[in-house]
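Student: below is the sequence, then the predicted model.
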Amino acid sequence: MTSDSEPVKAASGMMRRLMAGIGRGVLDRLYPPACLSCGAHLEAADGLCASCWSRLRVISNPRCPVLGLPFEADLGPDVLSAEAIADPPPFQRARSAVVYNDVARTLVSQFKFGDRTELARFCAGLMVRTCGELLEQDAILAPVPLHRRRQWQRRYNQSALLAREISRITGLRHDPVLVQRSRPTRQQVGLSPAQRQRNVQGAFTAHSGFLERSGGRRIVIVDDVFTTGSTARAMTHALRRAGADQVDVISFARVVPGADSHI
Ligand SMILES: [Zn+2]
């Protein structure tokens, strides 16, 4: 003999499933899954459409062991790019996930200026997949800091969001106050390489308790775009002055000379 409550339970279970289905449908209508770059409709959220994926240029080996610039051919592990030989950087290794081209530029500008903070997860995931060699062992992630006035205007620091996501994926520690911007700087966009260098020279200071905070571990600077490297160089100098031994740089996108990347 069945109790009276069983048909009621069955009906309420069906109702719940129905409501959940409607809930999902409503959510999809309010926020339909869309390509993170061009906004085209997608079946699943958090990705790019086929066309944008095909235009995103992921950087893989062979590449310059110092600057991470992609090479056309594999010339062996010790061959450096002309740029790394002409102007050796103070950091050990720089790596980026993608070439800064039109798709990468759209993603970065939406992430940086468009309040699309959900892009941090996508960009960080790609950085972990393509730059894993920098994210091994006991390193500390140090995002490029914004001056507090700019952070207040923009409300968030895109590099700090990237560092937090990379930390979530890899388990590495991230420390957004390890380096501070000690003076405001002009936007680097539109400046020549020499102007960029002057603009950020001496703009960074390591935390006064740097050695205790870092414990002598390798530092990985996290940035959204690596353009001429002047920001990474200035930040590395600040870290070195504070006693850092090994400094690497990871960024989402990188300007590659000769590729379709306009600064
Ligand atoms: Zn797209």
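Tutor: The structure has been received and is ready for your questions. Numbering: from 1, shown residues only.
Student: the ion contacts on the stretch 1-150 of the chain?
Tutor: The stretch 1-150 of the chain has residues 35, 37, 38, 40, 49, 52 near the ion, with proximity defined as Cβ under 5 Å from the ion. (Glycine included, C-beta is placed from N, CA and C.)
Student: most neighbours, which of those?
Tutor: Within those, most neighbours by other Cβ atoms under 10 Å means residue 37, with 23 neighbours.
Student: pretty sure residue 249 contacts residue 223?
Tutor: Yes - counting by Cβ atoms under 8 Å, residue 249 does reach residue 223; the two are 6.8 Å apart.
Student: and those two? Which one has more around it.
Tutor: Neighbours were counted for residue 249 and for residue 223 using other Cβ under 10 Å; residue 249 has more, 30 against 24.
Student: contacting residues around that one?
Tutor: 91, 93, 94, 95, 220, 221, 223, 226, 229, 232, 236 (Cβ atoms under 8 Å, 6 or more residues apart in numbering).
Student: before we move on, back to that, between the residues of the stretch 1-150 of the chain next to the ion, which is closest to residue 202?
Tutor: residue 37 (36.3 Å; Cβ to Cβ).
Student: can you lay out the contacts of residue 249 as CSV showing pLDDT?
Tutor: Putting the contacts of residue 249 into CSV (pLDDT from 0 to 100) gives the following:
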residue, pLDDT
91, 98
93, 97
94, 98
95, 98
220, 98
221, 98
223, 97
226, 96
229, 93
232, 96
236, 97
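Student: can you put those in JSON lines and add secondary structure?
Tutor: Converted to JSON lines, the contacts of residue 249 look like this (DSSP: H, G, I helix; E, B strand; the rest coil):
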{"residue": "91", "secondary structure": "coil"}
{"residue": "93", "secondary structure": "strand"}
{"residue": "94", "secondary structure": "strand"}
{"residue": "95", "secondary structure": "strand"}
{"residue": "220", "secondary structure": "strand"}
{"residue": "221", "secondary structure": "strand"}
{"residue": "223", "secondary structure": "strand"}
{"residue": "226", "secondary structure": "strand"}
{"residue": "229", "secondary structure": "coil"}
{"residue": "232", "secondary structure": "helix"}
{"residue": "236", "secondary structure": "helix"}
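Student: format those residues as a markdown table; extra columns: distance to residue 203.
Tutor: Below are the contacts of residue 249 laid out as a markdown table (distance: Cβ to Cβ, whole Å):
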| residue | distance to residue 203 |
| --- | --- |
| 91 | 16 |
| 93 | 23 |
| 94 | 19 |
| 95 | 23 |
| 220 | 20 |
| 221 | 14 |
| 223 | 14 |
| 226 | 17 |
| 229 | 14 |
| 232 | 12 |
| 236 | 12 |
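Student: so residue 115, which of the three states?
Tutor: Going by three-state DSSP, the secondary structure assigned to residue 115 is coil.
Student: alright, that wraps it up for me.
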